[in-house]
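[1] any chance you could fold what I've pasted below:
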Amino acid sequence: MSPQSEPDVDAADIDSTDTSADPQRPSDHVDGSGPAEPSAAGGGDGVNQPKLGLVGYMRFFWRQLTSMRTALFLLMLLALAAIPGSLVPQRTADPNGVVQYKADHATLYPILDKLQVFDTYTSVWFSAIYLLLFVSLIGCIIPRTKHHWQALRTRPPKTPVRLTRLAGYQKVAADGTEVPADQAVTRAMALLKRSGYRVERFGDSVSAERGYLRETGNLVFHAALVGVLLAVGVGGGFGYTGQRLLVEGQTFSNVLGSYDSFNPGRWFQQTDLKGYNFTLDKFVTKYEERNLDALGQALDYSATVTTQEKGGTKQTSRLGVNDPVSVGGTNVYLLGNGYAMDVTVRDGDGNVAFEDTVPFLPEDANYTSTGVIKVPDAAPDQLGMVGFFYPTASKLSTGAYASAYPDDQNPLLTLQVYTGDLGLDDGVPQSVYTLDTSGLKQIAGRQSDAASIELKPGQTKKLPGDAGSITFDGVKRYVSLDVHHDPSQLWVGGFAVLSVLGLLTSLFVPRRRVWVKVVPRRDDGTGAEPGYDLEYAGLARGEDPNLERAVADIAKRHTSDLGVRMPQ
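    Sure thing, here's the model as predicted:
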């Protein structure tokens with residue numbers, strides 16, 4: 001038809017679209033019939049964006065939350081959020097350390113406390129990351145598991161028409177073999193099955209695939225991470241931690257009233273405490289003595305302890321650093337140590353008003369220690385003493401004392417003595433390591449006419465003003481113990497091992513497809529059997545540096561089975 005004979009066609013007829021036949025196509029589609037609206041900026045044609053609405057936005061944020069990228073980001077964020085818990089003491093593990101931190105950092109402490117840094121693992125921000133990661137992993141695993149299950153049930157894909165474009169392509173002329181083409185395909189299927197492939201025959205070719213275990217390992221890894229989070233979150237609610245300071249010779253019983261501090265889980269019940277006794281027999285510290293640059297540095301801490309469960313026999317064990325003692329379903333850890341003063345105080349009437357072992361807190365690397373002795377039963381006035389203990393006392397040029405070595409080679413105890421109302425009868429709890437001297441009168445020390453009391457082990461000295469006397473009976477060592485019960489440990493350990501196995505599987509199991517194809521030759525008209533050629537090729541999902549080698553190995557084994565000689 002010539003151009004002159006063509007009918008006139010209106011442009012609107014060309015652009016018109018039967019929206020009744022395709023109602024889901026928007027009116028402003030490229031071939032739609034609806035008029036284009038001007039853009040908001042004016043000038044030019046605009047595009048009508050669909051409105052998401054509330055449901056649309058919720059779906060969008062859900063997809064973002066449950067993406068693998070978000071899960072990995074939250075996992076990294078959780079690791080970063082856990083760092084403050086290792087930089088500052090935690091109330092659940094070291095309440096005394098929190099008190100000491102407050103005293104040493106009076107300005108910074110209120111800020112960190114408001115940010116819940118001292119309760120890192122139960123803080124709002126840490127819990128929010130924890131829960132978001134939990135939801136993200138579950139939302140990511142469920143659809144991937146469904147898709148993986150469907151993939152496992154589907155048949156391998158059909159053999160491509162052209163294998164020449166694929167990796168490891170080889171073409172071998174099946175000359176000299178008496179195996180027919182149909183039998184060659186059958187033998188290829190058997191070979192690939194023995195190699196761990198899922199196989200499917202399509203006419204004169206075999207389609208095989210393997211490596212679904214890679215995705216299985218990936219899913220197992222992420223499911224194990226969910227298991228770890230669940231075990232830690234739920235199992236921690238049934239556990240507890242407690243602290244106890246124990247002096248040599250003392251026995252600790254696993255009852256609620258024996259703990260110095262106790263932090264139960266959300267679902268803890270007092271009946272969860274299993275009865276046992278824990279006795280500190282001896283504590284020994286080994287110091288560096290040969291290297292002068294590190295003289296006095298502690299090399300090892302070890303304690304000999306005796307444990308006895310309810311109805312059981314006594315057992316002697318060693319308690320060391322990172323070497324806890326397991327007893328009664330709990331692990332007992334060694335946190336710290338120090339010196340305790342064994343003293344006897346007689347009041348002004350000559351009666352024994354106080355006889356006990358008082359722990360002192362170390363202040364430096366040489367274990368210069370401070371402590372408080374409170375004697376509320378003394379007569380005629382109550383007595384309060386602030387003590388300083390020097391394991392190896394050395395007098396400085398200023399007249400003050402210092403400890404030259406952390407071991408008790410020259411022990412010395414000095415005391416500043418106060419009289420007055422200690423405030424213990426007011427019902428207000430007080431720290432055993434501090435003494436409020438306001439309202440008290442100092443009778444021995446810098447702010448009095450008498451010098452501080454100085455005592456060697458075994459010495460007794462009178463207090464000024466006929467206030468009584470004090471005897472330094474000896475020095476003992478004490479340890480600070482952390483008793484930890486966590487019923488989720490086995491579960492966490494099992495899930496951790498499972499996650500490692502899943503990760504290794506996902507990293508080292510390749511995902512690949514292999515095809516073996518029999519290509520009949522054309523009849524050359526000579527009347528001889530035309531024969532056939534063998535084609536081999538593979539395709540990897542992701543990086544697989546061994547794919548070509550695997551294809552070559554299959555080709556070599558298959559041709560050897562057929563009696564075909566591979567070309568050199």
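[2] which residue ranges of the stretch 451-568 of the chain form helices?
    Remark: helices assigned in the stretch 451-568 of the chain by DSSP state H, counting those that start in this stretch are 489-508, 547-562.
[3] please, which helix or strand holds the one residue sitting closest to the centre of the chain?
    For the chain, the residue nearest the mean C-alpha position is residue 79 (7.2 Å; CA atoms, centre = their mean). Element membership of residue 79, judged by DSSP states H and E, is helix 68-81.
[4] what helices or strands is that helix leaning on?
    helix 124-153 (3 or more CB pairs under 8 Å, 6 or more residues apart in numbering; DSSP states H and E). Backbone N, C-alpha and C define where each C-beta goes, glycine included.
[5] what about the helix it packs on, distance to the chain center?
    18 Å (CA atoms, centre = their mean, to the nearest Å).
[6] just stretch 221-228 next, same as before
    Worked out by CA atoms, centre = their mean, stretch 221-228 lies 12 Å from the chain centre.
[7] which parts of the helix holding residue 79 are buried?
    For helix 68-81, a neighbour-count test (16 or more other CB atoms under 10 Å) marks 70-71, 74, 81 as buried.
[8] quick one: the residues you listed as TSV, columns for distance to residue 532 and pLDDT too.
    Converted to TSV, the buried residues of helix 68-81 look like this (distance: CB to CB, whole Å; pLDDT from 0 to 100):
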residue	distance to residue 532	pLDDT
70	53	90
71	51	85
74	56	91
81	65	92
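[9] would you turn those into TSV with distance to residue 444?
    As requested, the buried residues of helix 68-81 are exported to TSV (distance: CB to CB, whole Å):
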residue	distance to residue 444
70	67
71	66
74	61
81	51
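[10] from the residues you listed, pick the one nearest residue 403.
    Relative to residue 403, the closest of the buried residues of helix 68-81 is residue 81; by CB to CB it sits at 39.9 Å.
[11] need the residues that contact stretch 243-252.
    94-96, 258-262, 277-283, 335, 340, 357, 359, 476-483 (CB atoms under 8 Å, 6 or more residues apart in numbering).
[12] can we see that at 6 Å?
    Outside of stretch 243-252, the residues within contact range by CB atoms under 6 Å, 6 or more residues apart in numbering are 258-261, 277-280, 283, 340, 357, 359, 476-482.
[13] any quick ChimeraX command for the buried ones out of those?
    Buried residues within the contacts of stretch 243-252, by 16+ other CB under 10 Å, are selected in ChimeraX with:
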select :258,259,261,277,278,279,280,283,340,357,359,476,477,478,479,480,481,482
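[14] in strands, which of the contacts of stretch 243-252 fall?
    261, 277-280, 283, 340, 357, 359, 476-482 (DSSP state E).
[15] give the contact list for residue 286.
    299-300.
[16] and it, which helix or strand is it part of?
    Judged by DSSP H and E, residue 286 forms part of strand 276-287.
[17] run me through the strand neighbours of that strand, direction for each.
    strand 251-253 (antiparallel), strand 298-309 (antiparallel) (DSSP bridges).
[18] may I have it as CSV, with CA atoms only?
    Taking C-alpha atoms only, strand 276-287 is exported to CSV below (Å, rounded to 0.1, in the frame of the first residue of the first chain):
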residue,chain,number,x,y,z
TYR,A,276,25.7,-26.7,99.9
ASN,A,277,28.5,-25.4,102.0
PHE,A,278,31.6,-23.7,100.7
THR,A,279,34.7,-23.3,103.0
LEU,A,280,37.8,-21.2,102.2
ASP,A,281,40.7,-23.2,103.6
LYS,A,282,43.7,-21.3,102.3
PHE,A,283,44.4,-18.5,99.8
VAL,A,284,47.9,-18.1,98.3
THR,A,285,49.3,-15.5,95.9
LYS,A,286,52.4,-16.1,93.9
TYR,A,287,54.5,-13.0,93.2
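[19] return the most buried member of the helices of the stretch 451-568 of the chain.
    helix 547-562 (a mean of 18; mean count of other CB atoms under 10 Å).
[20] list the contacts of it.
    167-168, 170, 172, 177, 179, 184, 187-188, 191, 512, 536, 538, 540, 566.
[21] neighbour-wise, give me the winner out of these.
    residue 188 (28 neighbours; other CB atoms under 10 Å).
[22] now the helices of the stretch 451-568 of the chain as TSV including mean pLDDT and distance to residue 154?
    Formatted as TSV, those follow (pLDDT from 0 to 100; distance: least, CB to CB, whole Å):
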stretch	mean pLDDT	distance to residue 154
helix 489-508	92	20
helix 547-562	94	22
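[23] I'd like the ones you listed as JSON lines, with distance to residue 457 appended.
    JSON lines is the format used below for these (distance: least, CB to CB, whole Å):
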{"stretch": "helix 489-508", "distance to residue 457": "44"}
{"stretch": "helix 547-562", "distance to residue 457": "78"}
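[24] for residue 66, find the nearest of these.
    helix 489-508 (19.0 Å).
[25] which elements pack onto that closest one?
    Applying 3 or more CB pairs under 6 Å, 6 or more residues apart in numbering; DSSP states H and E, we find helix 489-508 packed against helix 212-235.
[26] leaving out chain neighbours, which residue sits closest to residue 275?
    residue 310 (3.8 Å; CB to CB, 6 or more residues apart in numbering).
[27] how many neighbours does the one you found have?
    Neighbours of residue 310 (other CB under 10 Å): 10.
[28] can you verify my assumption that it contacts residue 277?
    No - taking CB atoms under 6 Å as the definition, residue 310 is not a contact partner of residue 277, at 8.7 Å.
[29] partner residues bridging residue 453?
    Applying DSSP bridges, one finds that residue 453 bridges with residue 415.
[30] my guess is it contacts residue 415. True?
    Yes - using CB under 6 Å, residue 453 is in contact with residue 415, at 4.2 Å.
[31] so can I have TSV of the strands paired with strand 276-287 showing mean neighbour count and distance to residue 212?
    Below are the strands paired with strand 276-287 laid out as TSV (neighbours: other CB atoms under 10 Å; distance: least, CB to CB, whole Å):
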stretch	mean neighbour count	distance to residue 212
strand 251-253	15	55
strand 298-309	17	50
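[32] any chance of TSV for those, columns distance to residue 344 and mean pLDDT?
    Converted to TSV, the strands paired with strand 276-287 look like this (distance: least, CB to CB, whole Å; pLDDT from 0 to 100):
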stretch	distance to residue 344	mean pLDDT
strand 251-253	22	94
strand 298-309	26	92
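[33] assumed residue 62 was part of a helix.
    Yes - residue state for residue 62 (DSSP: H, G, I helix; E, B strand; the rest coil) corresponds to a helix.
[34] so what's the gap between the helix holding residue 79 and the chain middle?
    Centre-to-centre, helix 68-81 and its host chain are 12 Å apart (CA atoms, centre = their mean).
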